[in-house]
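Colleague: Kindly generate the corresponding structure for this input.
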Amino acid sequence: MNSIKYSTKFSKKQIILLSIPVFFSNLAIPLVGMVDTGLMGNLGETKYLAATSISTSVMTMIIWSFGFLRMGTVGIVSQALGKGDYNEIVKTLLRNFVISIVIALTIILFKPLIFLSIQYFFKTSLETQELINTYLNVRVFSVPAELAIYILVGFYLGVQKTKISSLLIITLSILNIVFSSLLVLSYDLNVFGVALGTLFASYITLIIFSFFTYNFIIKKFKVIPKFERLFIKSKLIKLLDINLNIFIRTLLLTFSFLWVTFLGSKFGEDYLAVNTILMQFIILAAFFLDAYAFSTEGAIGYTIGRKNKLSFLLVVKNSIQLSFFTAVIIAFLYLIFFKEIINIITDIEILRFISYKHFIWIIIIPPIASFCYQLDGIFIGASQTKEMRNAMMISVISFITISIYVTKYFENHGLWFSLMIFMILRALTLKFYFNKILRKF
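Modeller: Now for the predicted structure:
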């Protein structure tokens, strides 16, 4: 069987073309949250917004923790593509689907424990708790579809079909918005309607793209997906090792941002609110910069699979430069429009005043963070997940230690300084392990 040939001359233009669809799909994700917030925020009672906010945050965090289903798929698929091993691509998909079903069933089984945890950590009224339980009772059954969608996105990123992966996310987002709006506005189902909207959108999207993917595999790879010889011990151990390392790394990263919220709360509710607002600037920048990381994951794996070191180094250089230059542009736009954006977000003067005093961190962090974001993508494409795990462990432990010390003297500015150092440490620790990737050639 002849190998499918992809270009190995990954110029800045080609990387941009791969990244543009990802930009749009990344923007579609927060749009769903904004619509859900708007739907619940206009029902006249805060309990609906509070219940939806808490429930979606918890479920998103749980599902996001299993992002290894996407990241692990990208690395293995892209490297197998470079080798022309299409059977391994299909087997990887099927193995991860089986793993995702086991994870999803476990989450469904532990739904009561999730609800009890929310009751313990979030002190809300009985009415709000009932609404949270209503949401969870529905949303938890969308988990199998949502995890499977992670795998499909990883597959298309791995084969450098970013337009298809982006179309998948955009379809999911649009269907989510349409169903949630219809069920809330037309059928007055409030929280139940929002959860049901996500459930419908997830399964419809999965069904559509499962059929599309099945035909794509048969047409492009001339392979019929079968479950025969799926669980080969060596292949399964490798897959589980990759997934476990990414899982630990993701949990550590999630904890680091929860730590920011925890430390910020020690300075009072005003600073907690300001940090929440300012973090949206960091998250928005990350959505844009991650587009480069996502689009180059497949390119990195492909060059490794083809043992093309020069092409690999070209991807690394061009993608890091593009990410940094884009981050500088974002920082420049923040510099110009920061006050106007803050004034739109809040009309509380004290929050505006404190935000203005912290604007310097919003300007300097995106360019600094661009390096660790892009290196994450490079290591995912190379399947160097053990190194990602170790780098994150070192970075998080150092970050926590530094933050405890500097916040004693500089309070909230110390917290943001330590967050900047965290981004630098993430990049430096990954750079330390970079030569391990070069040994693959």
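Colleague: Give me the contacts around stretch 427-441.
Modeller: Applying CB atoms under 8 Å, 6 or more residues apart in numbering, the external contacts of stretch 427-441 come out as 304, 307-309, 312, 368, 371-372, 375-376, 378-379, 382, 384, 387-388, 390-392, 394-395. No exception for glycine: its C-beta is placed from N, CA and C like everyone else's.
Colleague: now with 10 Å?
Modeller: 79, 300, 303-310, 312-313, 316, 320, 368-376, 378-379, 381-384, 386-388, 390-395, 398 (CB atoms under 10 Å, 6 or more residues apart in numbering).
Colleague: That one: how far from the chain's middle?
Modeller: Taking CA atoms, centre = their mean, to the nearest Å, one finds the center of stretch 427-441 at 23 Å from the center of the full chain.
Colleague: coming back round to it: among the contacts of stretch 427-441, name the buried ones.
Modeller: Among the contacts of stretch 427-441, the ones that count as buried by 16 or more other CB atoms under 10 Å are 79, 300, 303-306, 308, 312, 316, 320, 368-376, 378-379, 381-384, 386-388, 390-392, 395, 398.
Colleague: What is the distance between the one helix or strand I16 maps to and the centre of its chain?
Modeller: For I16, the host element (DSSP states H and E) is helix 12-41. Counting by CA atoms, centre = their mean, helix 12-41 is centred 12 Å from the centre of its parent chain.
Colleague: buried set for the helix or strand just after that helix?
Modeller: Counting by DSSP H and E, the next helix or strand C-terminal to helix 12-41 is helix 46-64. Along helix 46-64, these residues count as buried under the neighbour rule (16+ other CB under 10 Å): 47-56, 58-59, 63.
Colleague: Could you tell me which of the contacts of stretch 427-441 are located in helices?
Modeller: 79, 300, 303-305, 309-310, 312-313, 316, 320, 368-376, 378-379, 381, 386-388, 390-395, 398 (DSSP state H).
Colleague: The host helix or strand of G72 packs against which elements?
Modeller: Element membership of G72, judged by DSSP H and E, is helix 68-83. Secondary-structure packing of helix 68-83 (3 or more CB pairs under 10 Å, 6 or more residues apart in numbering; DSSP states H and E): helix 86-109, helix 143-158, helix 233-265, helix 269-305, helix 359-381, helix 385-432.
Colleague: Can you check what angle separates that helix from helix 233-265?
Modeller: Taking axes from the mean of the first three to the mean of the last three CA atoms, to 10 degrees, one finds helix 68-83 and helix 233-265 inclined to each other by 140 degrees.
Colleague: how about K161, phi and psi?
Modeller: Dihedral pair for K161: phi -100, psi 70, per degrees, to the nearest 10.
Colleague: What about it, how many residues nearby?
Modeller: By other CB atoms under 10 Å, the residues close to K161 number 17.
Colleague: So that it lines up with my notes, have the first residue be 686 from now on.
Modeller: Fine by me, first position is 686 from now on; the one you just mentioned is K846.
Colleague: how close does it get to F897?
Modeller: Using CB to CB, to the nearest Å, K846 is found at 11 Å from F897.
Colleague: Now the common contact residues for these two.
Modeller: Common contacts of K846 and F897 (CB under 10 Å, 6+ apart): L852.
Colleague: what about Y1094, distance to Y956?
Modeller: 16 Å.
Colleague: hmm, I was thinking of L1007
Modeller: Taking CB to CB as the criterion, L1007 is separated from Y956 by 35 Å.
Colleague: Can you pick out the residue with more neighbours from those two?
Modeller: Neighbour count, other CB under 10 Å: between L1007 and Y956, L1007 has more, with 22 against 19.
Colleague: looking at it, the more buried one is touching I701, isn't it?
Modeller: Yes: counting by CB atoms under 10 Å, I701 is a contact partner of L1007 at 6.8 Å.
Colleague: What sits closest to G760 if chain neighbours are left out?
Modeller: Distance criterion CB to CB, 6 or more residues apart in numbering; nearest residue to G760, sequence neighbours excluded, is S1068 at 3.6 Å.
Colleague: Show me what the helix holding I701 packs onto, helices and strands only.
Modeller: For helix 697-726, the packing partners by 3+ CB pairs under 10 Å, 6+ apart come out as helix 731-749, helix 828-843, helix 847-866, helix 875-906, helix 954-990, helix 994-1030.
Colleague: Include distance to K697 when you put those helices into TSV, please.
Modeller: Shown next, in TSV, are the helices and strands packed on helix 697-726 (distance: least, CB to CB, whole Å):
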stretch	distance to K697
helix 731-749	30
helix 828-843	19
helix 847-866	16
helix 875-906	27
helix 954-990	10
helix 994-1030	5
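Colleague: Nearest to L821, out of the ones you listed?
Modeller: For L821, the closest of these is helix 731-749, at 6.1 Å, according to CB to CB.
Colleague: and that closest one, average pLDDT?
Modeller: When pLDDT is averaged over helix 731-749, the result is 83.
Colleague: what do you get for stretch 943-955?
Modeller: Across stretch 943-955, the average pLDDT comes to 83.
Colleague: Only alpha carbons, please: show it as CSV.
Modeller: Extracted in CSV, the C-alpha atoms of stretch 943-955 (Å, rounded to 0.1, in the frame of the first residue of the first chain):
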residue,chain,number,x,y,z
LEU,A,943,-7.5,26.5,41.3
TRP,A,944,-4.6,27.5,43.5
VAL,A,945,-4.7,31.0,41.9
THR,A,946,-8.4,31.3,42.9
PHE,A,947,-7.6,30.0,46.4
LEU,A,948,-4.8,32.4,47.1
GLY,A,949,-6.7,35.3,45.6
SER,A,950,-9.6,34.6,47.9
LYS,A,951,-7.3,35.3,50.9
PHE,A,952,-7.1,39.0,49.8
GLY,A,953,-10.9,39.5,50.0
GLU,A,954,-13.8,39.2,47.6
ASP,A,955,-12.8,42.3,45.6
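Colleague: so how far is it off the chain centroid?
Modeller: The chain centre lies 23 Å from the centre of stretch 943-955; the measure is CA atoms, centre = their mean.
Colleague: So which residues make contact with it?
Modeller: For stretch 943-955, the surrounding residues in contact (CB under 10 Å, 6+ apart) are 746, 940, 956-961, 963-964, 967, 1033, 1035-1036, 1038-1039, 1081, 1084-1085, 1088-1089, 1092, 1096-1097, 1099-1101, 1103-1104, 1107.
Colleague: How is this protein divided into domains?
Modeller: 706-916, 930-1126 (automatic domain parsing).
Colleague: And the ones you listed: which comes nearest F695?
Modeller: Closest of the domains of the chain to F695 is domain 930-1126, at 4.5 Å (criterion: CB to CB).
Colleague: Need the winner for burial among the helices and strands packed on helix 697-726.
Modeller: helix 828-843 (a mean of 25; mean count of other CB atoms under 10 Å).
Colleague: Could you save the buried residues of helix 731-749 as TSV and add columns showing distance to V717?
Modeller: Shown next, in TSV, are the buried residues of helix 731-749 (distance: CB to CB, whole Å):
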residue	distance to V717
K732	21
Y733	17
L734	15
A735	18
A736	17
T737	12
S738	13
I739	17
S740	14
T741	9
V743	16
M744	13
I748	13
